[in-house]
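> with the input below, show me the fold.
(one chain, ligands or ions: 1)
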Amino acid sequence: MFENLSDRLGGVLDRLTKQGALSDSDVSTALREVRVALLEADVSLPVARDFIKAVQEKAAGQNVTKSVTPGQQVVKIVHDELVHFLAGDDQNPGDLKIDNAPAPILMVGLQGSGKTTTTAKLAKRLKEKHGKRVLMASLDIYRPAAQDQLAVLGNQVGVDTLPIVKGQSAVDIAKRAKQQATLGGYDVYMLDTAGRLHIDETLMQEVEDVRNVTNPRETMLVVDGLTGQDAVNVAEQFDGQIGISGVVLTRMDGDGRGGAALSMRAVTGKPIKFVGLGEKMDAIEEFHPERIAGRILGMGDIVSLVEKAQETIEAEQAERMMKRFQKGQFNMNDLKMQLEQMIKMGGMEGLMGMMPGMKKMAAQAEKAGMDDKVLKRQIALIQSMTKRERANPSLLQASRKKRIAKGAGLEVSELNKLLKMQRQMGDMMKKMGKMGKGGMLKQAMS
Ligand code: GDP
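Prediction:
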């Protein structure tokens, strides 16, 4: 999968990483080529445009990291943006909601997309990987032998199928499946709806009726990954009419251009949860945006190189700060950096919890209401100080305090608390600093 896109992007970015210094125009040229590669992979124009814009913005705001070339850094940005486009904010793509047994899963899609195959593949997975009891039912009363096809696959993977009763409507079969799943103590029941060649009103209505009587926990759309933009259009239409919770892209074992995968999330807002990779019953994989982005770029080594370099820079910063602390220097700039770090690391508890001996203080801070809001107010107070005041907080007398508090829109009492905190932290840092270079602080920050 993604061979062509991968070759194209790999080529463009490879050239970029070989250059030592990188001008803005080098980057723009490369990104123009990236855009062409995306369009050739059948990514829609607006998506390709957004993608390039996002990369450009990130590249512009980025500090040059030592020990990697700017080109390598651009590769990393492209990689991260790919992951973002593939995943949105999803953390667990392969998770299906199957609580409240029996949980209904509705499978929808066009005829020939691989819906029946995928239903059986997912049932097998739920059974083998998650130990679930699954019942499958085919609601396809139009295509001859569709119900038999599911029964055969059920046999093959060892998953029960609902006994076939000729002449029932799709809604009746769905109701019967629900009843059987409840009585039979199944964890999940999967409804394989009738496929259609095109989106067609009557069949859509039927799926809607089935949805209304079963209230599915997941409505999975199965689309053929080889159809590129069409797959995305189909997803938009199904989502508009039925509402889908996720997508399975099939035939990703073929030499698809990959555009469907890249545009899906950006256009529909729905996550790709699985990819089909062949006709066999275990040819299905959870969709891992990181892995896919890696495969598309084929530049995993550069990505990790840049990550390492960035970590090193952070470690160097910490080292510099530590040296200041050891000399007993801890002014408002240091405090501001600490506060910002705390917000980044999940609040006071997150940071202090990592430093030995500070757990108790963290608990106290929690009690005192040191949440993000408080941290942000404290940062606002520091921002309201002049450079000199920040470097030397002992300058702060009554009139200065009043001005600073007013500037931040806060009370002087709050500023006093901040000053006390700075003094206390400064004292503590001094003590820790005296414990020597190999001391507690070093340990805590490494
Ligand atoms: P439905 O009409 O949507 O139910 O489609 P089917 O499940 O009957 O699948 C149609 C054909 O596509 C079958 O021959 C499947 O074996 C094949 N198929 C399904 N998924 C995949 C896949 O991920 N890769 C490949 N290569 N073939 C697939």
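> grab the nearest non-local neighbour of whichever residue of the stretch 201-350 of the chain sits closest to the ligand.
Going by CB to the nearest ligand atom, the ligand is nearest to Gly276 of the stretch 201-350 of the chain, at 2.6 Å. Every residue, glycine included, has its C-beta placed from N, CA and C. Using CB to CB, 6 or more residues apart in numbering and skipping the chain neighbours, the partner closest in space to Gly276 is Thr250 (3.5 Å).
> what does that neighbour show for phi and psi?
With angles defined as degrees, to the nearest 10, Thr250 sits at phi -100, psi 170.
> on that earlier part again, isn't the residue of the stretch 201-350 of the chain closest to the ligand right next to Lys115, touching?
No - using CB atoms under 8 Å, Gly276 is not in contact with Lys115; the gap is 10.3 Å.
> shared neighbours, the two?
Counting by CB atoms under 8 Å, 6 or more residues apart in numbering, the common neighbours of Gly276 and Lys115 are Val222.
> quick one: which of these two has more around it?
Neighbours of Gly276 and Lys115, each counted by other CB atoms under 10 Å, are more numerous for Lys115; the result is 27 against 24.
> ok, now how distant is the more buried one from Ile141?
The gap separating Lys115 from Ile141 is 15 Å, by CB to CB, to the nearest Å.
> residues from this structure in reach of the ligand?
With CB under 6 Å from any ligand atom as the criterion, the chain meets the ligand at residues 109, 111-117, 195, 250-251, 253, 276-279, 283.
> and those residues, which are buried?
By neighbour count, with 16 or more other CB atoms under 10 Å, the residues of the chain next to the ligand hold 109, 111, 113-117, 195, 250-251, 253, 276-277 as buried.
> which SS class is the nearest residue to Gln156 once chain neighbours are set aside?
Spatial nearest neighbour of Gln156, chain neighbours left out: Met281 (6.4 Å); criterion: CB to CB, 6+ apart. Secondary structure state of Met281, per DSSP: H, G, I helix; E, B strand; the rest coil, is coil.
> residues in contact with Met281?
Contact analysis of Met281 by CB under 8 Å, 6+ apart lists Ala120, Lys121, Lys124, Leu153, Gln156, Val157.
> only the buried residues of stretch 323-337, if you could.
Buried positions in stretch 323-337, judged by neighbour count with 16+ other CB under 10 Å: Phe325, Gln326, Gln329, Phe330, Asn331, Met332, Asp334, Leu335, Lys336.
> pretty sure the first one contacts Lys430?
In this case it means Phe325. Yes - with contacts counted by CB under 8 Å, Phe325 reaches Lys430, the gap being 7.3 Å.
> related to what we said a few turns ago, look up phi and psi at the residue of the stretch 201-350 of the chain closest to the ligand.
According to degrees, to the nearest 10, Gly276 has phi -90, psi 130.
> show me how far the helix or strand where Val207 lies is from its chain's centre.
Using DSSP states H and E, Val207 maps to helix 201-214. Here helix 201-214 is found 31 Å from its chain centre; the criterion is CA atoms, centre = their mean, to the nearest Å.
> ok, stretch 36-44 next?
Chain-centre distance of stretch 36-44: 22 Å, with CA atoms, centre = their mean.
> same question for stretch 277-293.
Computed by CA atoms, centre = their mean, the chain-centroid distance of stretch 277-293 equals 17 Å.
> quick check: mean pLDDT of it?
Throughout stretch 277-293, pLDDT has a mean value of 86.
> send the alpha carbons of it over as PDB?
C-alpha atoms of stretch 277-293 as PDB (Å, rounded to 0.1, in the frame of the first residue of the first chain):
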ATOM      1  CA  LEU A 277      -5.300  -6.300   3.500                       C
ATOM      2  CA  GLY A 278      -6.500  -9.300   1.600                       C
ATOM      3  CA  GLU A 279      -9.200 -12.000   1.200                       C
ATOM      4  CA  LYS A 280      -8.200 -14.200   4.100                       C
ATOM      5  CA  MET A 281     -10.100 -14.000   7.300                       C
ATOM      6  CA  ASP A 282      -7.200 -12.600   9.300                       C
ATOM      7  CA  ALA A 283      -6.200 -10.100   6.600                       C
ATOM      8  CA  ILE A 284      -7.400  -7.100   8.700                       C
ATOM      9  CA  GLU A 285      -5.300  -4.700  10.700                       C
ATOM     10  CA  GLU A 286      -6.100  -1.900  13.200                       C
ATOM     11  CA  PHE A 287      -5.400   1.400  11.500                       C
ATOM     12  CA  HIS A 288      -2.300   2.900  13.100                       C
ATOM     13  CA  PRO A 289      -1.700   6.500  11.900                       C
ATOM     14  CA  GLU A 290       1.900   6.500  13.100                       C
ATOM     15  CA  ARG A 291       2.700   3.300  11.200                       C
ATOM     16  CA  ILE A 292       0.900   4.400   8.100                       C
ATOM     17  CA  ALA A 293       2.600   7.800   8.100                       C
END
